[in-house]
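> Please work out how this folds:
(one chain, ligands or ions: 1)
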Amino acid sequence: MRIGVLGTGTMAEGLAGQWARAGHTVFIGGRTPGNARALAERIGHGAGAGSLREAAGFGDATLLAVAYEGVPVTLEAAGAEEGTLSGRALIDCTNALVPGRFVLATDGGPGVAERIAAQAVGAHVVKGFNLCADSVWRMTPPVFADGPLAVPLCGDDEGALEAVRTLVRDMGCVPLDGGPLERARHLESTAAFLLGFWFAGAEPRAALPPAAAQRPHRVAD
Ligand SMILES: NC(=O)c1ccc[n+]([C@@H]2O[C@H](COP(=O)([O-])OP(=O)(O)OC[C@H]3O[C@@H](n4cnc5c(N)ncnc54)[C@H](OP(=O)(O)O)[C@@H]3O)[C@@H](O)[C@H]2O)c1
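Numbering: from 1, shown residues only. The predicted model follows:
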């Protein structure tokens, strides 16, 4: 698969590095050309580098991995409003947290993924990879005592979801169906909540019982 990357930070490095090692063709786009070139060199495996707009036009799938406050301007520079991402899977791993607190900067409004979908004309947004730190995404593979990491994905387009499921499996993880994009805001809230525990050194895994033990009285409407 051809994968464009919008962003040159730690998430871009962790995820694009996995996909390049798995044999996908990666192109890094950054607002700072030197950072894009340096990241492509660190990733290796023939990774290319260039502008945000070039990266937007490159991939079957595109990873958006920039700081929340930089999302609108990054999409604008990538030409998303002109349709450069139209028809492509656009992976959103953003966590929109108020600095220093574990609450969403988007509280009371649409989630980041929905805002991205509104700005990126024709793109098929898939929310995912936002629950784990880049230290997890750099694991080869991200497998723990109880098995491979599960990666919840939310999106509306089956073709885009299937492409991202492939990318999840190619890094040794297991995709988890999180439902349509309107549920992405819950994935964003979940990250904000869990990050509070992890930053405090607490272990929230014990709060999540096995599915077999969890029998809801009814499925929500
Ligand atoms: N790090 C994690 O463990 C982790 C985990 C889950 C989700 N996330 C999410 O993943 C996204 C990327 O995180 P990261 O840790 O990779 O960030 P990072 O290492 O700090 O890299 C930030 C990237 O965003 C760009 N950027 C920063 N401020 C910007 C602005 N105002 N306008 C335009 N571009 C800007 C930077 O460009 P320059 O290189 O030009 O400065 C860089 O490409 C964030 O939304 C974060 O919430 C991170």
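
> Could I get the contacting residues of the most centrally placed residue in the chain?
Centre of the chain computed as the mean C-alpha position; nearest residue by CA atoms, centre = their mean is residue 93, 2.6 Å away. Neighbouring residues of residue 93 by CB atoms under 8 Å, 6 or more residues apart in numbering: 11, 15, 63, 64, 65, 127, 128, 129, 130. For the C-beta atoms, the positions are set from N, CA and C on the backbone; glycine is no exception.

> gap between the closest residue to it other than its chain neighbours and the ligand?
Nearest non-adjacent residue to residue 93, counting by CB to CB, 6 or more residues apart in numbering: residue 129, 4.1 Å away. Look at residue 129 and the ligand: by CB to the nearest ligand atom, to the nearest Å, they are 7 Å apart.

> what sits against residue 129?
Here residue 129 is in contact with 11, 15, 91, 93, 137, 151 (CB under 8 Å, 6+ apart).

> overlap between the residues you listed and the residues near the ligand?
Taking CB under 6 Å from any ligand atom, the overlap between the contacts of residue 129 and the neighbourhood of the ligand is 11, 93.

> ok, the contacts of residue 129 vs the ligand, which is closest?
residue 11 (3.4 Å; CB to the nearest ligand atom).

> For the ligand, what's its nearest residue on the chain.
Per CB to the nearest ligand atom, the residue of the chain with the smallest distance to the ligand is residue 9, at 2.0 Å.

> Might one say that that residue is in contact with residue 65?
Yes - using CB atoms under 8 Å, residue 9 is in contact with residue 65, at 6.3 Å.

> More neighbours: which of those two?
Using other CB atoms under 10 Å, the more surrounded residue of residue 9 and residue 65 is residue 65, with 25 against 15.

> residue ranges for the helices of the protein, please.
10-21, 33-43, 52-56, 71-77, 112-119, 134-137, 158-170, 184-199 (DSSP state H).

> tell me the most buried of those helices?
helix 52-56 (a mean of 24; mean count of other CB atoms under 10 Å).

> nearest spatial neighbour of residue 21, skipping sequence neighbours?
residue 45 (6.4 Å).

> For burial, what's the neighbour tally of the one you found?
15.

> Quick check: phi and psi on it?
Dihedral pair for residue 45: phi 50, psi 30, per degrees, to the nearest 10.

> Do I have it right that it meets residue 26?
Yes - when contacts are counted by CB under 8 Å, residue 45 is listed as touching residue 26 (7.2 Å).

> who touches both of those two?
Here residue 45 and residue 26 have residue 20 as joint contacts, going by CB under 8 Å, 6+ apart.

> show me the residues around the residue of the chain closest to the ligand that make contact.
Residue 9 touches 65, 66, 67, counting by CB under 8 Å, 6+ apart.

> hang on, the second one packs against residue 7?
When you say that, I think you mean residue 66. Yes - Residue 66 lies in contact with residue 7 (CB under 8 Å); the separation is 4.2 Å.

> got any residues that touch both of those two?
residue 74.
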